[in-house]
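[1] Structure for the following, please:
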Amino acid sequence: MMRMRLLSIWGLFATILVLAGPVTEAKGFYFGGSLGVVEARDLDLTPIADGSVLTGGTDASDSGWKFFGGFKVFRFMNAEFAYRDYGQVSYSGMSDGTGIVYAAGPLNGLADTTAISVTAMVVIPAGRFTFFVKGGLARWRTETTVTHSMGNIAMLDSDGVDTMYGGGAAWSLNKSLGLRFEYERIAVASADRDFISAGVHYRF
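    So this is what the prediction gives:
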C-alpha cells in the first residue's frame, strides 16, 4: 500500500511536468510562507498503546507554519508543492495498566508532525482576489513522546502518505506581492490534521 501511494505521488509529479512543458503560460512561478493554527482531530491512541486499554481526549491544537511554491499549468490551474510543520500537539489519556510498558494511571503524549505535499490547485480570478481549491497527496512523519505515571518516556515514530485537500483566497497587493488565507486538511488514519493559516506570496 505504501509503495502504491509513493508511486502515485511520482505519477502526479510526472503528469504535472508533462502538462506544463508545452504550455506558454507556465511562467507564473510563485513562493511564500504562512503561519496558522493546527487542529488534530479524532486522535487515535492506538499507536501509543502497549497492549493496555487507553482512553482520553481526541482533539488537540498548536501553532504551525509552512513554506510553499508553485507554478501555473493552465490559466485556471496551478501545481503547488509545500513543506509544513504542524508544531507539537499535546494530548492525554488514561492507561488501565494491563499492557507491557505503561502503568495504570494518566499518560501524556506530545506529537511533532511535519509533511511535504504536492497538489493540483484550481484557481478562479475575481479582480484583485483569487479563490482556489486544491487536492493532492502529502507525505507526513510524526514523532511522538509519551510519558506515563511511572515517569518513563517512550519514543515512537510513524509516517505515511495520505490525501490532502483545502481551499481559500488570495488578495493581490500589486503585480508581485499578495496575501493568502486558506484551510487545509490531511486525512491521516490516526488523526486528521486541519491547518488554518494566513501568509504572503511573491509571484515572478
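[2] make it CA atoms for all contacts and neighbour counts henceforth
    OK.
[3] got any ranges where this protein has weak pLDDT?
    Where the chain drops to pLDDT under 70, the residues are 1-27, 42-49, 51-59, 189-191.
[4] if you set the cut-off to 50 instead, what comes out?
    1-3, 5-6, 8-9, 12-13, 16-26 (pLDDT under 50).
[5] Report the buried residues of the longest strand belonging to the chain.
    Determined from DSSP state E, the single longest strand within the chain is strand 105-126. By neighbour count on 16 or more other C-alpha atoms under 10 Å, the buried set for strand 105-126 is 106-123.
[6] can you map out the strands along the protein?
    Ranges of strands in the chain, per DSSP E, are 30-41, 54-56, 60-74, 77-95, 105-126, 129-148, 153-172, 177-186, 192-203.
[7] Report how many residues lie close to residue 135.
    20 (other C-alpha atoms under 10 Å).
[8] and it, how far is that from residue 83?
    15 Å (C-alpha to C-alpha, to the nearest Å).
[9] Could you do residue 121 as well?
    16 Å.
[10] Now do the same contact list for residue 112.
    86, 87, 88, 89, 142, 143, 144 (C-alpha atoms under 8 Å, 6 or more residues apart in numbering).
[11] Neighbour-wise, give me the winner out of these.
    residue 86 (26 neighbours).
[12] nearest residue to that one other than its sequence neighbours?
    With C-alpha to C-alpha, 6 or more residues apart in numbering as the criterion, residue 86 has its nearest non-adjacent residue at 4.5 Å, and that residue is residue 64.
[13] Can you tell me the closest non-neighbouring residue to residue 94?
    Per C-alpha to C-alpha, 6+ apart, closest to residue 94 is residue 106, 4.5 Å.
[14] Was I right to think that neighbour contacts residue 97?
    No - counting by C-alpha atoms under 8 Å, residue 106 does not reach residue 97; the two are 9.9 Å apart.
[15] Run a quick neighbour tally on residue 197.
    21.
[16] Return the list of strands paired to the longest strand of the chain, each annotated with direction.
    strand 77-95 (antiparallel), strand 129-148 (antiparallel) (DSSP bridges).
[17] So what's the residue count around residue 85?
    Using other C-alpha under 10 Å: residue 85 sits among 18 other residues.
[18] From residue 41, how far off is residue 181?
    In terms of C-alpha to C-alpha, residue 181 sits 21 Å off from residue 41.
[19] who's residue 184 bridged to?
    When bridges are called by DSSP bridges, residue 184 pairs up with residue 166, residue 195.
[20] same question but for residue 147, I mixed them up
    residue 108, residue 153.
[21] show me the contacts for it.
    107, 108, 109, 153, 154.
[22] possible to save those residues as TSV with distance to residue 131?
    Listed next are the contacts of residue 147 as TSV, based on distance: C-alpha to C-alpha, whole Å:
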residue	distance to residue 131
107	43
108	40
109	37
153	46
154	44
